[in-house]
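Peer 1: Model the structure of this input:
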Amino acid sequence: MTKKLFLASLATAIAIPSAVFALSNEVLVKSAQADKITFAKGAFNDVSSENPYFELINEMHNLSYISGYPDGTFKPAENISRKHVAALLSRVLSLEPVRETKEFKDVPKTHPHHDSIQKVQRAGIIDGDENGNFNPEASLTRVQMAKVIDLAFDLTVKSNKDFVDVPSTHWGNKHVRALYSNGITTGYEGYFKPNEKVTRAHYAVFLHRALNPGNEDQSTPADPSLAEKIPGQLDHYSEAELRYQIPMAITMYTMARQKVTMDNPNTVSDDEIRLRKQNDQAGQIAKENLLYLKRFVEKDSYFDEILDKWLDGDFSDIVQDYILLLGLESADNVAGDLELFVHERTEKAEKYYIKEVFGVEALKRHNEQYK
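Peer 2: The predicted structure follows:
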C-alpha cells in the first residue's frame, strides 16, 4: 500500500461532545495567544528567529514530528543519527510492513528506538550491515538520506538531470534524481555532495519538503546548471563573452573536436595534440564543462539542445552537431559538403586524444561519466 501521511487534522476526526469541553472565548483567546508567544520565541533555545529554518523547525515541532533534548536544545548543526531518522519517519508516516521482522544485534528490545527501527526495517526503507547490526548512532550521508526519503515517500523520478558528482553510474543516482525532480533538494551549484553528513536541521528541511509537495517551502526544480568549469580549461572567453553566439559556437566546436576529426579517425597526430594543448579555448567534453556552458545559453536554443544531448551521453549526431556549430560561428565555415570530410573518432582514438590533451585525470573522468 502507498504510505500515507499522518496529518495533524486527524485529531479532529474523533467526535467529542461539546458539552463536556465547553470552553469560554476568553480561555480560547488566551490559549491562542500563548501558542503565538511560544512560536515567536521558538520551541528550542538554540534555534533563534534568525535561523533560516526557524519557522519550519517550529512547525515540525508543533506537529509533534520532531523533538529536542531535555535541556531545551535541538542541536540543528549536529549530524543526525540513524536511530533519529527512524524515529522521525515512524512519527510522520504510516509505514506498511513489506517484509519479515529482523532483529538487530545492537538494538535490543529495551532500546528506546527499537520499535521505530523495526518499523523502518519492515517497511524496506533502512537495512542493517552485513554483521547484523543497525548502527543506531551512526550518521547519515546525503546520498543515504536521498535513498531513505525516496523509498519512504515512494517518489516518482520526473527528470533525468544529474548532478556532476552523482553520475548515472553512481549507486544512488536514481534516489538523488527522485529528490531533485520533486523539489526536495537543489544541491550546491551543480553538485549534490553525496558523501557529506546530514545535519538535524537539514533533515528536518528535507522531511518537511517531502511532506508538503507543492508548498512554498518546496524547492522549485531547476537544472543543476551552475557547476564551475574544470580548472585550466575553457579559459579563452570570459563569462560575459560566452553569452554571445560566436564565442559560444567556437568554444563548443573546439570541444567537439575531442570526438570528430577531418583526418584519419583511427589515429591522432602529434601536430594535432600540440595544437590543442596550446589552445586555451579547448575544453574536455565533461559534465562539469557542459553544465558550466549551460549557464550562458538560452533555453531551447541550438546550443542548449546540443549541450543537453551531450550531458545525456547522446553523441549520435556529433558530426552534424560539429558542422552546425561551425555554421553558427560563420556561414563561410560550412561551404561545401562537410559531412564528406568530418569523421567521428574511434573510441580508442578519442581516449588517446583526451589523455594527451587533457591528462590522465581527464581520461579517468571520461571513463566515469561516459561508460
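Peer 1: can you map out the strands along the stretch 1-150 of the chain?
Peer 2: In the stretch 1-150 of the chain, strands defined by DSSP state E, counting those that start in this stretch lie at 4-5, 93-94, listed in chain order.
Peer 1: where in the stretch 151-300 of the chain is pLDDT low?
Peer 2: 189, 214-227, 280-281 (pLDDT under 70).
Peer 1: Strands along that one, start to end?
Peer 2: Chain-ordered strands for the stretch 151-300 of the chain, with DSSP E, counting those that start in this stretch as the definition, fall at 260-261.
Peer 1: where do the helices sit along the stretch 101-250 of the chain?
Peer 2: Taking DSSP state H, counting those that start in this stretch to define them, one finds helices in the stretch 101-250 of the chain at 114-122, 142-153, 173-181, 200-211, 245-256.
Peer 1: Identify whichever of those helices lies nearest to residue 160.
Peer 2: Ranking the helices of the stretch 101-250 of the chain by proximity to residue 160 (CB to CB) places helix 173-181 first, at 6.7 Å. From N, CA and C alone the C-beta is placed, and that goes for glycine too.
Peer 1: Can you pull out the residues in contact with the closest one?
Peer 2: Where contact means CB atoms under 8 Å, 6 or more residues apart in numbering, the residues beyond helix 173-181 that reach it are 143, 146-147, 149-151, 155-163, 166-167, 170, 185-187, 192, 194, 206, 221, 224.
Peer 1: Buried residues in stretch 287-301, which are they?
Peer 2: 287, 288, 289, 290, 291, 292, 293, 294, 295, 296, 297 (16 or more other CB atoms under 10 Å).
Peer 1: Would you mind measuring from the closest residue to the first one other than its chain neighbours to residue 46?
Peer 2: Read that as residue 287. Take residue 287 and drop its neighbours on the chain: the residue closest to it by CB to CB, 6 or more residues apart in numbering is residue 164, 5.0 Å away. As judged by CB to CB, to the nearest Å, residue 164 and residue 46 stand 34 Å apart.
Peer 1: Looking at the two, which one has more neighbours?
Peer 2: residue 164 (22 against 16; other CB atoms under 10 Å).
Peer 1: Would you agree the more buried one is in contact with residue 188?
Peer 2: No - the pair formed by residue 164 and residue 188 falls short of the contact definition of CB atoms under 8 Å, at 10.3 Å.
Peer 1: How about the contacts made by residue 277?
Peer 2: With contacts defined as CB under 8 Å, 6+ apart, the neighbours of residue 277 are 356, 357.
Peer 1: Can you tell me how far it is from residue 153?
Peer 2: Shown here: residue 277 relative to residue 153, a distance of 49 Å by CB to CB.
Peer 1: Over to residue 60?
Peer 2: 16 Å.
Peer 1: Likewise for residue 354?
Peer 2: Distance check for residue 354 against residue 153: by CB to CB, it reads 40 Å.
Peer 1: if we can go back for a sec, just give me the lowest mean pLDDT stretch among the strands of the stretch 1-150 of the chain.
Peer 2: Out of the strands of the stretch 1-150 of the chain, the stretch the model trusts least by mean pLDDT is strand 4-5, with a mean of 36.
Peer 1: For residue 170, see how far away the residue nearest to residue 311 when sequence neighbours are not counted is.
Peer 2: In space, and not counting its chain neighbours, residue 311 is closest to residue 290: 5.1 Å by CB to CB, 6+ apart. As judged by CB to CB, residue 290 and residue 170 stand 17 Å apart.
Peer 1: Nearest to residue 368, out of the helices of the stretch 101-250 of the chain?
Peer 2: Taking the helices of the stretch 101-250 of the chain one by one with CB to CB, helix 173-181 is closest: 12.3 Å.
Peer 1: now the angle from the closest one to helix 142-153?
Peer 2: For helix 173-181 and helix 142-153, the angle between their directions (axes from the mean of the first three to the mean of the last three CA atoms, to 10 degrees) works out to 80 degrees.
Peer 1: C-alpha coordinates for helix 173-181, CSV please?
Peer 2: As requested, C-alpha coordinates have been extracted for helix 173-181 and formatted as CSV (Å, rounded to 0.1, in the frame of the first residue of the first chain):
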residue,chain,number,x,y,z
ASN,A,173,21.7,8.2,-8.8
LYS,A,174,18.0,7.3,-9.0
HIS,A,175,17.4,8.3,-5.4
VAL,A,176,19.1,11.7,-5.9
ARG,A,177,17.1,12.2,-9.2
ALA,A,178,13.9,11.5,-7.3
LEU,A,179,14.6,14.1,-4.6
TYR,A,180,15.8,16.7,-7.2
SER,A,181,12.9,16.3,-9.6
